[in-house]
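Colleague: build the 3D model from these lines:
(2 chains)
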Amino acid sequence: MEEREDCIALQCRQYSASCREFSVRCQPVQLRSLSAATCSVWLAAYWLFVLTQNSMVLSAAIFITLIGLIVYLHFVKIDQESLLVIASLGIQMTSSYASGKENTTFIEMSRVKDVVINEAIYMQKVIYYLCILLRDPLDPQSVSEVVPLFQ
Amino acid sequence: MKGTEWELPRQDVCGKEWKLLALYSSQALHAVEVESSSSIPMVVLKVFFPSCCSSAESGLLVGHWIPEQNSAVILAVVHFPFIPVQVKQYLSEVRQVTQVNVSVLGTWSNCKKKEESLSEFLEDLGTIFSHEPWIQLCKETDSKFWSCSIIQKHPSTPKEDEIILVYYDQRKVMLSHLHPPGNLTNSTDHKAEDASKLAILFDTVAKSKVLFMKDRYDDGPIKLTHWQSEGVEASIIVELMKQASIPVCMLLTFLLSFVSSVCKSRVLKFWPLCFIWSKLSTCEQLGHRLEHLQVISSNRKAQNQPQLMRKANIFVSLLADVALGILLMSWLYRKNRIGHLADTLIPVADHVAKELQDLLQWLMGVPAGLKMNRALDQVLGRFFLYHIHLWISYIHLMSPFIEMILWYVGLSACLGLTVALSILSDIIALLTFHIYCFYVYGARLYCLKIYGLSSLWRLFRGKKWNVLRQRVDSCSYDLDQLFIGTLLFTILLFLLPTTALYYLVFTLLRLLVVVVQGLIHLLVDLIDSLPLYSILLRLCRSYRLAAGVKFRVLEQKTGKPLRLLMQINPLSYGSVVQTYRLPTYSCYPKDSWGSLCKKLFLGELIYPWKHKGEKQD
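Modeller: Residues are numbered from 1 along each chain as shown, chains lettered A, B, ... in the order given. Model (predicted):
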């Protein structure tokens, strides 16, 4: 299990001749980092309590920890992202978060112009990302939107 | 079903391996996606089947065939026994009423095991109701996997058709309203091929309401199965309210026309009164609410979905507003809080006046270590002190009536929380009227001084402002003109710090009051424009506001068609609020920060809030 640290896994399934699914899975939330964050917050709160002798600080720290954990699991930590391609229907992108929430977007085939690999400059390196080019409804030749996949 | 898995170390994600991986994925996507271009190697036929008909008995499939997208939308199942002529007649009637091309698309058989006679009979039906292509769906009871075969008399392509079965929830699709993303709604001359497939699907099901009126339990020649066959719950209260709403609406319209005619009468249009009405925010808010009531109580039915949602939003928001207002009123009048409020009002006004007097005494002395011009200081200080004294006397004159006025004004909170907040904002404006006056005096003095200074500075340098050409020209002055000009310039320059300080102090006070009033107006705006009904709908019946659909792949079996479940993807709360926001008479800042600072520096009077509909000055 140790070598699975810092890894992402790609899975490719073909349901039929016209339907394929690609899913990218991230590493799950580590207990170590979670307990480290909680301990540091509570130590800081306890130190403040010793300074100010106000017990509100402790309850505020507990509150902050809980709210922060919920927000992190629900809005930030993505567990798995998958791309479902169905011929002549469209492309569906699903991201599922650590708290179980799933965010789905479906793009119809008529709106898709092309699927390309695009380059971007991020800090000091160049990264490649897969994205879908959407067709502009008024002008079939031009590109209206670029949708990056697998964030 | 084939599957492959890779594991990649995260650091190399941006390196070669990722590029190769992405290349493979894009190639695979291309291979599937090339189907949408004109040279189609493989034809995919999509059958949209309502999940409520899965347990229906054998019969005919009735629905809409969309040839451009090669998809069939099944709307209902007609059961045996039936007479083909009557079925055709019924369908042509439905076609006329709904403008949807409903026809018999194929057969559906749901039996324990395959029966030869039944399958022959079903094939014979294909000759009676000719439709190209003819779909035959077979289901064995207790089996999840169906078999589907297509019979084409004149096959256009030699290749085998691939069939995708998509299950959809008929009732939800019928009731929901699709919100296309972005700017698709703007283009009016859509070509049919460009139109969204989903929009056509939703449209078809929504328009076929007439088809859903006849059921298999009705006594008639045709027995259908669709979403109504499972039974639908209805509420008698809702039905009663719908019946009662018509006379209530008529009564309300009559009352409102009476009220609006009174408001528009000439009596209230005389100059001092109409000026006061335009300045009080309470009158604006009341007018706004009156408009809303007129919209709700109009007899015309809402033409389309946005209008219906708007009406519903206004209604619910009004109800919530009035409920909150009554809550506030009950809180105020319990334990005579209004009396306490009135009692504390005069001391508060006194306190404010006393603070102002202290402030002026401070300015007249040595404020913050700055040395003022003694004479000007005393003049200005005494002028403002006398003004405050007048103000206090007027307040004390009014004090016996304050409690009664406040009591009656508090009653108007039952019209809504927004009205109560507007009254509060107006009371603040009236109580701080002297601060406003001081600000105007200080600003005018300062403005005068600045203009004088700039003009005399030009004289100092030998230039002059040419009004005709709107530019600065050089000019030769006489000696005495120069002498007087320089003298005046020096006087004004040395008196500048005093005036500037008074201006600064009163502007800060005025800005404080403006900020407080602005916050109250922001709250009123928020209550006015929040689409409560849409948010509640998104919370409780999320399928009615659809942003799109999502597909889920169900269990597969090789040899059987691909099975997908189509569910409605609801709109996010942010887009709900953005789409259905109610328009307000909103006040928003007229100037940008830059021009505001410039106006403050020059001493021009600032009117920070601009109301929609006000003329530009």
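
Colleague: report the buried residues of the strand or helix carrying B:Val85.
Modeller: Under the criterion DSSP states H and E, the helix or strand holding B:Val85 is helix B:84-98. Going by neighbour count (16 or more other Cβ atoms under 10 Å in any protein chain shown), the buried part of helix B:84-98 is B:Val87, B:Tyr90, B:Leu91, B:Val94, B:Arg95, B:Thr98. C-betas here are computed from N, CA, C, even on glycine.

Colleague: pretty sure the fourth one contacts B:Lys207?
Modeller: No: the criterion here is Cβ atoms under 8 Å, and B:Val94 misses it with B:Lys207 at 10.3 Å.

Colleague: which residues are common contacts for these two?
Modeller: B:Val100 (Cβ atoms under 8 Å, 6 or more residues apart in numbering or on different chains).

Colleague: CA atoms of stretch B:464-476 as PDB?
Modeller: Extracted C-alpha coordinates of stretch B:464-476, given in PDB (Å, rounded to 0.1, in the frame of the first residue of the first chain):
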ATOM      1  CA  LYS B 464      -6.800  83.300 -18.200                       C
ATOM      2  CA  TRP B 465      -9.600  80.900 -18.900                       C
ATOM      3  CA  ASN B 466     -11.200  81.500 -22.300                       C
ATOM      4  CA  VAL B 467     -14.800  80.700 -21.900                       C
ATOM      5  CA  LEU B 468     -15.500  80.800 -25.700                       C
ATOM      6  CA  ARG B 469     -12.700  78.400 -26.600                       C
ATOM      7  CA  GLN B 470     -12.900  76.400 -23.400                       C
ATOM      8  CA  ARG B 471      -9.100  76.600 -22.900                       C
ATOM      9  CA  VAL B 472      -6.500  78.500 -21.000                       C
ATOM     10  CA  ASP B 473      -5.000  81.500 -22.800                       C
ATOM     11  CA  SER B 474      -2.300  83.900 -21.900                       C
ATOM     12  CA  CYS B 475      -3.500  87.400 -21.000                       C
ATOM     13  CA  SER B 476      -1.800  90.600 -20.100                       C
END
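
Colleague: distance of the nearest residue to B:Ser149 once chain neighbours are set aside relative to B:Ser54?
Modeller: Of all residues not flanking B:Ser149 in the chain, B:Gln136 sits nearest, at 4.9 Å (Cβ to Cβ, 6 or more residues apart in numbering or on different chains). Relative to B:Ser54, B:Gln136 is positioned 16 Å away (Cβ to Cβ, to the nearest Å).

Colleague: returning to what we had before: CSV for the buried residues of helix B:84-98, including distance to B:Leu286 and pLDDT?
Modeller: Formatted as CSV, the buried residues of helix B:84-98 follow (distance: Cβ to Cβ, whole Å; pLDDT from 0 to 100):
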residue, distance to B:Leu286, pLDDT
B:Val87, 60, 80
B:Tyr90, 55, 82
B:Leu91, 55, 82
B:Val94, 50, 81
B:Arg95, 52, 83
B:Thr98, 45, 79
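
Colleague: give me the nearest residue to B:Leu530, chain neighbours excluded.
Modeller: B:Ser317 (6.6 Å).

Colleague: all strands of chain A, in order?
Modeller: A:7-16, A:19-25, A:78-86, A:90-97, A:102-108, A:112-122, A:125-135, A:143-148 (DSSP state E).

Colleague: ranking those by mean pLDDT, which is last?
Modeller: Note on the strands of chain A: strand A:143-148 shows the lowest mean pLDDT, a mean of 58.

Colleague: nearest to chain A, of the buried residues of helix B:84-98?
Modeller: B:Thr98 (24.6 Å; Cβ to the nearest Cβ).

Colleague: residues touching the closest one, list them.
Modeller: By Cβ under 8 Å, 6+ apart, B:Thr98 lies in contact with B:Lys207, B:Ser208, B:Lys209, B:Val210, B:Leu211.

Colleague: what is the nearest of these to chain A?
Modeller: Using Cβ to the nearest Cβ, B:Lys207 is the member of the contacts of B:Thr98 that sits closest to chain A, with 20.5 Å.

Colleague: could you find the closest non-adjacent residue to the residue positioned nearest the centre of chain A?
Modeller: Centroid check for chain A by Cα atoms, centre = their mean gives A:Ile78 as the closest residue, at 3.5 Å. Leaving aside its sequence neighbours, A:Ile78 sits nearest to A:Ser95 (Cβ to Cβ, 6+ apart; 5.4 Å).

Colleague: so what sits opposite that neighbour in the bridge?
Modeller: Beta-bridge partners for A:Ser95, by DSSP bridges, are A:Glu81, A:Asn103.

Colleague: report back the residue of chain A that's furthest from centre.
Modeller: Most peripheral residue of chain A (Cα atoms, centre = their mean): A:Gln53, 41.0 Å.

Colleague: go through chain B and flag its longest helix.
Modeller: helix B:479-529 (DSSP state H).

Colleague: for it, what is the average pLDDT?
Modeller: Mean predicted confidence for helix B:479-529 is 89.

Colleague: outline the domain layout of chain B.
Modeller: The record's domain split for chain B, according to the TED database, is B:25-29+B:41-225, B:330-530+B:586-602.

Colleague: residues contacting the residue nearest to A:Ile78?
Modeller: A:Ser95 neighbours (Cβ under 8 Å, 6+ apart): A:Ile78, A:Gln80, A:Glu81, A:Glu102, A:Asn103, A:Gln151.

Colleague: could you rerun that using 10 Å?
Modeller: Neighbour list for A:Ser95: A:24, A:78-82, A:101-105, A:150-151 [criterion: Cβ atoms under 10 Å, 6 or more residues apart in numbering or on different chains].

Colleague: of the residues you listed, which is the nearest to chain B?
Modeller: Nearest to chain B among those, with distances taken as Cβ to the nearest Cβ, is A:Thr104, at 4.2 Å.

Colleague: surely the closest one is in contact with B:Gly548?
Modeller: Yes: in this structure, A:Thr104 is within contact of B:Gly548 by Cβ atoms under 10 Å, at 8.1 Å.

Colleague: overlap in contacts, the two.
Modeller: A:Gln92, B:Asn569.

Colleague: tell me how far the ends of stretch B:129-139 are from each other?
Modeller: One end of stretch B:129-139 to the other measures 21 Å (Cα to Cα, to the nearest Å).

Colleague: buried set for it?
Modeller: Buried, per 16+ other Cβ under 10 Å, within stretch B:129-139: B:Phe129, B:His131, B:Pro133, B:Trp134, B:Ile135, B:Gln136, B:Leu137, B:Cys138, B:Lys139.
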